[in-house]
Structure formats: C-alpha cells, structure tokens
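**Q** coords please:
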Amino acid sequence: MDPTILLLILFASFVVLVLININRAFFLVVALMLLLFPIVNISFMPREVMGIHGLNIGNIVWLSAFVMAVFSITSRKGNLRFSSYLSLPVMLFLFMYLIAVIWTMFNLDAIQRPGHGITTKSLIMEDLLKPLQLLLAGWIVMVYCEVEGNTVRIQRVVFIIPLIIVPIVMYYYFQGSIGTDYVSGRDEISDLFGYHANELGAVGTYLLAFALITKEQRMHLLRYLSIGASLMIIVLSFSRMAYLTTLALIVLTFFKLKHKERLVLVSLTGVVIIVFSVQLMSRLYFGIDTSRKKVDINQISANRIDKIWRPMIPHFLDHMIFGDGVYSVLKTPEARVWMPSHPHNAYLQVALDMGVLGVAALLWLLARFLSLGRRTQTAFLYVVISWMLMGFTGSSFYPTHANFIVWISYGIALSVRREKLYKLAQADKPEFG
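**A** Numbers count the residues shown, from 1 in each chain. Sure thing, here's the model as predicted:
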C-alpha cells in the first residue's frame, strides 16, 4: 500500500477515535506505537511519506502518542512530570552519553574508517534523536498507565509483540536458509529485518523475561503464546548468548511460576529445541575446532577476545577516566585494518566511550533498575537481568532500537511503584467524622 494512503487512513481513524472517546484513542495510539517499534526498520516498511525522509508511519504514531501524553498530564491534577521518569542515575548516565556523542561529533577526524558512514548528521539522527524517542516512548507508557490506573492493557499489548515478530523472522529465515545450514537464513534476517541477528536474540530474551513474570489471570493463553513466540525468536536469532540468557531466565523464574506454568514452559521449550535441533547443534559448534578436541573461551566468543577485546585495552588505558566518545573502537589504530562499529560487549563499550566515570554511572543505573524491579515485583527485574547478561557479548546499554522493551517495562514498573505509593499514602490518611 502507498505510504501516503496509509497515513491518510491512520489520520482519519485517529480523528474518529478522538471524537468518540479520547481515552480509547490514547490507548490505541500507544498500542500501535509499541507494536510498530520492533518492525519499523523492516525492509517492507516505508521510510518516508509524501517524499519527506523521516516522516514515516512509526514516527507519526509516536508523535501522536507523545502529544496525547502531554495533553493528558496537563489536563489532570497530579505531579506526573519527567522527574518521575528521569531519576538521578538515569539522568547522569544519559548526560554522560550525551557528552560522549558530542565529543565524537567534534572529533570525527579521529575515526580511522570513514566507510562506516558516521557523520555529524548521523550522530544527531541515530545517536541523539532516536534514543530520545525511545526514552520518551517509555515515559508515554508510564503516563498512559497512570491515566488508566493499571498496567493490564499495556501488558497485553507487549504480549502481542512476539506474535508479530516471529512469523516475519520465520519467513526471512526459511527464505534465506539452504538445507539445514542456519548461517544463510541468519544473514537473511540480519539484512531484511532491521536488526542484527544478535540484537534479535536480545529482543527475544527481553520479551521472554516480560512474558514469564508478568501475570494477568484472564489472558493466560495470550501469555503462553507470547512465551512460545519469544522462544522461537531466540532460537532463530542463533545467538549463543541469547541461549545462555534464556537458560538463566528459566532457572531464575522456574520456581516462581505455578505448576501449570512450569509444564507449559518446559513443553514449549522442548518443542522448539526438538524442531530446530539440527540448526541449534550447528550453531553451538560453529567456529569451534573439535578436530583436536581443543575448545577455548576465545572460540566460544567467536574470536571477540583476541580480535576485539584485547586490542582495545591500550586505548581504554589511554582514555581511562572520561573515555573517547561514542564509536571509540573506530578511533583506534586497529580500525585501519578491521574493526566493527561497536566492541560486541556493552560493558566494554561504555568503558571505551565514557571511561571509568561512565562505568560507575552505568553500575549505579543498573543497581537502581534492579532495586525498582524487586520493589515493584514486576517483570522489569528480569528484563534488566537479561539486559545485563546480553551485554557480555553484544547488545548496548545506550537507548537503542533493540532494547526498547527495557524502557517500556521501566515505564510500567514506575507506574506500579507510583500506584503502590499512592495506596500507602491513602491508607495513612486519618479518617474524620
């Protein structure tokens, strides 16, 4: 369908919804925003509308949701401001990230491989505006949950996300795969889906963590389908770190589940493993020299240790306190020969880009996130654990398209905490008369 026609249909539908019921319109726009986030970069999605680059369906829906969120908090009593969302550790980490982006913006000549296409414009669009959009999406969700008075409807929408992703991933995989070889299908996913396959594995683990713990009694079937779809996404990402993270999630949450839920989880996991057993074994042994029965950690890490992590140590030591700005790996002598745009380790990325101070800010942020997850007893705790585990061999702690669920679940957790604090305050009020 022509993107302009699609835009006009969405706009007309939005106007009708506003005229019927403003609250219902708010929910549908927020829901559409969440459902579009994981697929907005897929090859078949339009990148522009009416010939204007950047004016795409995802951005238009996000802007509509943001406007409605601002309208909602300005038209009602309460103290739901950005300060509720941007706590001190979040603000500190984001401030240091901003400085790292600006430093690279004014130090582009240090990049050894211009072929990566990093320019002032790309830094503004990709490393500043898109992360800001993602952060505000989490805030929009928090505002909606506050207006709604609960998080149930948003939870249901998040459950649907894996069900949208998995058929597209399966189509691309089977379209590109040759026989039982997983590599060609994996490359097809990376080329057409908008995520690198390892990023897709991270998305799958975050969605799995959300579905495992978030409970809504009337929607058991949808939740189970979401768990199954998330497992499929993880398997088809062929990310070994995603497999380890999934195992850790199952171990951590297994005894927190009800007996029926455990049976469903074991059954779904078993079916997925059996169906893709050949491809899984091929991936687990990929790059490992079994002929001499010599397996080391470097092989398991896909040569990241020798080719990326160890060569980056001198550069880290040279910029240990403040770092060398984003894309710091491309500012090293090794980048003249070969180096990816990120070090395939989220912790090392922060250390290289923002130095020891950035690592300290990150640890404070993660500690606060874990504390929030424990206090609210939401899935946010396990989403953050998945985020931390995936960071060892990839992913990123910066706001990126692949970790949108982290910030969405953060908004949900904050809404739950505010609701609990409000109930405690109401209970403490003295009764008169």
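
**Q** Name the helix or strand for Leu135, please.
**A** Using DSSP states H and E, Leu135 maps to helix 130-148.

**Q** For that helix, which outside residues touch it?
**A** Here helix 130-148 makes contact (CB atoms under 8 Å, 6 or more residues apart in numbering) with 23, 26-27, 30, 33-34, 37, 59, 62, 65-66, 69, 72-73, 76, 78, 80, 82, 84-85, 94, 97, 151, 154, 398-401, 404, 407-408, 410-412, 414-416, 418. For every residue, glycine as well, the C-beta is placed using N, CA and C.

**Q** Show me what whichever helix or strand comes after that helix is packed against.
**A** Downstream of helix 130-148, the next assigned helix or strand under DSSP H and E is helix 152-176. Helix 152-176 sits against helix 22-36, helix 130-148, helix 182-193, helix 197-213, helix 220-237, helix 404-428, with contacts defined as 3 or more CB pairs under 8 Å, 6 or more residues apart in numbering; DSSP states H and E.

**Q** can I get the CA coordinates of the first one in PDB?
**A** Just to be clear, that refers to helix 22-36. Taking Å, rounded to 0.1, in the frame of the first residue of the first chain, the C-alpha atoms of helix 22-36 are listed here in PDB:
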ATOM      1  CA  ILE A  22     -10.200  10.400  24.000                       C
ATOM      2  CA  ASN A  23      -9.100   7.700  26.400                       C
ATOM      3  CA  ARG A  24      -9.700   4.900  24.000                       C
ATOM      4  CA  ALA A  25      -7.800   6.900  21.300                       C
ATOM      5  CA  PHE A  26      -4.900   7.300  23.700                       C
ATOM      6  CA  PHE A  27      -4.700   3.500  24.300                       C
ATOM      7  CA  LEU A  28      -4.900   2.600  20.600                       C
ATOM      8  CA  VAL A  29      -2.200   5.100  19.600                       C
ATOM      9  CA  VAL A  30       0.100   3.900  22.400                       C
ATOM     10  CA  ALA A  31      -0.600   0.300  21.500                       C
ATOM     11  CA  LEU A  32       0.100   1.000  17.800                       C
ATOM     12  CA  MET A  33       3.400   2.700  18.800                       C
ATOM     13  CA  LEU A  34       4.500  -0.400  20.800                       C
ATOM     14  CA  LEU A  35       3.600  -2.800  18.000                       C
ATOM     15  CA  LEU A  36       5.400  -0.700  15.400                       C
END
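
**Q** tell me the angle that helix makes with helix 130-148.
**A** Taking axes from the mean of the first three to the mean of the last three CA atoms, to 10 degrees, helix 22-36 and helix 130-148 form an angle of 140 degrees between their directions.

**Q** where does the stretch 101-250 of the chain dip in pLDDT?
**A** Residues of the stretch 101-250 of the chain meeting the criterion pLDDT under 70: 113-115, 176-182, 216-219.

**Q** Tell me which of the helices and strands packed on helix 152-176 sits most buried.
**A** For those, the largest average neighbour count (mean count of other CB atoms under 10 Å) is found in helix 197-213, namely a mean of 27.

**Q** Tell me what angle that helix forms with helix 182-193.
**A** 80 degrees.

**Q** Counting by contacts, list what helix 197-213 packs against.
**A** Packing contacts for helix 197-213, counted by 3+ CB pairs under 8 Å, 6+ apart, involve helix 152-176, helix 182-193, helix 220-237, helix 240-253, helix 380-390, helix 404-428.

**Q** number of nearby residues for Lys256?
**A** By other CB atoms under 10 Å, 13 other residues sit near Lys256.

**Q** what's near enough to touch it?
**A** Counting by CB under 8 Å, 6+ apart, Lys256 makes contact with Ile213.
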